[in-house]
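# Dropping a prediction and its sequence here:
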Amino acid sequence: MKSIKFTSILITILVFYSCKKEIVEVEKQTSKRPNIIFLMDDQHRFDALGMINKQVITPTLDSLAKEGVFYSQAVCQAPMCVPSRNSMMLGLYPNQNGVYRNSDGIKDENLPVKTMAEYFKEAGYETAGFGKTHWGKYRTNTRGFETRYTSEIKENGSITMLEMNPEAKKKYDDEIADMGPGEENNLGYLGFTSKLEEDEHRDGWITKQVLNYINNREDERPLFLYLSYMKPHAGHNVPKGYEDLYDADTIKYAEQPNWDKDKSPHSKGVNRRDMYVNYWKNASEKEWQLMTMRYYANVTWIDDMMGRTLGALKKKGLLENTLIVYTSDHGEMLGERYYKFNKYNLYDASVRIPMMLSGTALPKEIKRNSIDSLSAENTDLLPTLLDFAKIKKDKNLLGENLFSNNRNQATFSALHEKKNEAAFMWRTPNYKLILVFNRKENAVNYTEKDIITGEFFNLKEDPKEWENLYNNPKIMEIQKKYKKALIAYLNKQEILVK
């Protein structure tokens, strides 16, 4: 099984090592716009990469990082699917686009800016989108994708798994029926080995469609390809074979603080607290190891499918002048910090994401196999890609060009899970400030008078964020500096959707 499953991954590694020879060729093709391959998955922890955590098997992503740049301090703009993805695809913060929670959304006619796919379509690219976008509560059109396949959420003009393969979709829905909303109850996290074939899974079906598209593509325009998976988000019903690559008995899992109750002022009471605490507080070591291992096995499965996709693109000649993007919409707590699971907070396991830019078209001044430790946010991706492809922005965006060394030292993220409160993060590699405000309807003109409470962490000395130093006299000067910077940046976020 191992040799079968890793054949495509080994091919992918060879593909990316061969990129070195192709870089010279790319520099000769300055008149041709580069292809953009945008890879994404859901709820992928920043440290669930083989290059960071030796427990995890991710040869495809490790190879991309080796032939590109890895952004070690990257964060999402809201630790939940809908607001994070709207921020990324529009290049706007939640306070600007009005999408604060998973229950929000924007109607097509009210979009304040072009979407990422619309920019590339109007610039003469062929645009093809496969997998999850999760725009929110309104039925949308494909928002710029000419070819569009969705595994779960229907868009006007898309082809869904339910439409093409209703029997397979029913099999999947039946298998995860007991996992609860979002497949995120305790069974969803503990998981099991799936009895289904790969293409009876939503992500496996999407991979089948994207490979078919690549193999039969004849369009001569430059390509903007978006491929977005629903895993490693729970449930952990991993296709057979991937768990065999791991030894559950050796898996390290979340260490708990010596608390008798949760200490999370900005996210108290959210994140299905009682359900998780009551189960995992009494779970066996074996259950913790299996849960963590199956999350990693899902990561490996996604990595393998990305590898097969890149291999097909290579065979078709579509990686010869290409920039490859990889990111995730948010992280995963995996039981850290007093039995927290999924996201819905501003701690590092939730807001930090794995992000990298790679490919043969990577600017020659960018050092390959490098780590960029400056600020990086998902809102930076749209302006970076537009600048790279020489496409003019229709409105100013706060995001920065990730190829520039002249970027902010801090990153920003927001949480709006409580009705009358809003929490915002200002983070550097050394410290993190989280401020909780009385929430304002118009989300502008926040001042110190609006602050309810806060959290402050020394990330170098306390990377698990267990010791809240907020208002500690020893760090008061640093805290004041961060508070001033956070409020100033927050109030730069001009509202574009009323």
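Alright, I've got the coordinates.
# CA only for contacts and neighbour counts going forward, please
Noted.
# give the contact list for residue 459.
Contacts of residue 459 were listed using C-alpha atoms under 8 Å, 6 or more residues apart in numbering, and they are 429-432, 465.
# again, only this time at 10 Å
Contacts for residue 459 were tallied using C-alpha atoms under 10 Å, 6 or more residues apart in numbering; they are 348, 427-432, 465-467.
# Now do it, the pLDDT please.
Residue 459 carries a pLDDT score of 98 in this model.
# now residue 148
According to the model, residue 148 carries a pLDDT of 98.
# Please compute how far the helix or strand hosting it lies from its chain's middle.
Secondary-structure element containing residue 148, defined by DSSP states H and E: strand 147-150. Relative to its parent chain, strand 147-150 has a centroid offset of 20 Å by C-alpha atoms, centre = their mean, to the nearest Å.
# Where do the helices of the stretch 301-450 of the chain begin and end?
Using DSSP state H, counting those that start in this stretch, the helices of the stretch 301-450 of the chain run over 336-339, 348-351, 381-388.
# out of the ones you listed, deepest packed?
helix 348-351 (a mean of 27; mean count of other C-alpha atoms under 10 Å).
# elements contacting that helix?
Other helices and strands packing on helix 348-351, by 3 or more C-alpha pairs under 10 Å, 6 or more residues apart in numbering; DSSP states H and E, are strand 74-75, helix 336-339, strand 411-415.
# Of all the residues in stretch 102-117, which ones are buried?
102, 105-106, 112-117 (16 or more other C-alpha atoms under 10 Å).
# distance between the ends of that stretch?
The distance separating the two terminal residues of stretch 102-117, taken as C-alpha to C-alpha, to the nearest Å, comes to 22 Å.
# what do you get for stretch 148-165?
Taking C-alpha to C-alpha, the span from the opening residue of stretch 148-165 to its closing residue is 16 Å.
# Switch the helices of the stretch 301-450 of the chain over to JSON lines; also include distance to residue 195 and mean pLDDT.
Formatted as JSON lines, the entries for the helices of the stretch 301-450 of the chain read as follows, by distance: least, C-alpha to C-alpha, whole Å; pLDDT from 0 to 100:
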{"stretch": "helix 336-339", "distance to residue 195": "29", "mean pLDDT": "96"}
{"stretch": "helix 348-351", "distance to residue 195": "30", "mean pLDDT": "98"}
{"stretch": "helix 381-388", "distance to residue 195": "37", "mean pLDDT": "98"}
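# So which of those is nearest residue 311?
For the helices of the stretch 301-450 of the chain, distance to residue 311 was read as C-alpha to C-alpha. The smallest value, 22.7 Å, belongs to helix 381-388.
# could you dump the closest one to CSV, C-alpha only?
What follows is helix 381-388, C-alpha atoms only, in CSV (Å, rounded to 0.1, in the frame of the first residue of the first chain):
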residue,chain,number,x,y,z
LEU,A,381,-2.4,36.9,-1.4
LEU,A,382,-4.7,38.8,-3.8
PRO,A,383,-2.5,42.0,-4.0
THR,A,384,0.6,39.8,-4.4
LEU,A,385,-0.9,37.8,-7.3
LEU,A,386,-2.3,40.9,-9.0
ASP,A,387,1.1,42.7,-8.8
PHE,A,388,2.9,39.6,-9.9
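# change the start of the numbering to 272 and stick with it
Sure, I'll start numbering at 272, so the last one becomes helix 652-659.
# tell me what that helix is packed against?
Taking 3+ C-alpha pairs under 10 Å, 6+ apart as the contact definition, the neighbouring helices and strands of helix 652-659 are helix 352-361, helix 387-393, strand 593-599.
# on that earlier part again, what helices or strands is the strand holding residue 419 leaning on?
Using 3+ C-alpha pairs under 10 Å, 6+ apart as the contact definition, the elements that strand 418-421 packs against are strand 397-402, strand 430-431, helix 432-435, helix 473-487, strand 494-503.
# will you turn the ones you listed into TSV that also has mean neighbour count, mean pLDDT and distance to residue 762?
Formatted as TSV, the helices and strands packed on strand 418-421 follow (neighbours: other C-alpha atoms under 10 Å; pLDDT from 0 to 100; distance: least, C-alpha to C-alpha, whole Å):
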stretch	mean neighbour count	mean pLDDT	distance to residue 762
strand 397-402	24	98	34
strand 430-431	20	98	40
helix 432-435	16	98	42
helix 473-487	19	98	39
strand 494-503	23	98	32
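# Dig out what the most centrally placed residue in the chain forms beta bridges with.
The chain has residue 599 as the residue nearest its centroid, 1.4 Å off, counting by C-alpha atoms, centre = their mean. Residue 599 has these beta-bridge partners by DSSP bridges: residue 312.
# That one and residue 500, how far apart?
If you go by C-alpha to C-alpha, the gap between residue 599 and residue 500 works out to 9 Å.
# before we move on, what about residue 492?
Here the distance between residue 492 and residue 500 works out to 25 Å (C-alpha to C-alpha).
# Kindly report the same for residue 362.
The gap separating residue 362 from residue 500 is 20 Å, by C-alpha to C-alpha.
# and residue 342, how far is that from residue 317?
To residue 317, residue 342 is 10 Å away according to C-alpha to C-alpha.
# Quick check: phi and psi at residue 464.
Backbone torsions for residue 464, taken as degrees, to the nearest 10, come to phi -80, psi 120.
# Residue 430 bridge partners, please.
Per DSSP bridges, residues listed as beta-bridge partners of residue 430: residue 420.
# will you turn the helices and strands packed on helix 619-622 into TSV that also has distance to residue 553?
Formatted as TSV, the entries for the helices and strands packed on helix 619-622 read as follows, by distance: least, C-alpha to C-alpha, whole Å:
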stretch	distance to residue 553
strand 345-346	32
helix 607-610	11
strand 682-686	29
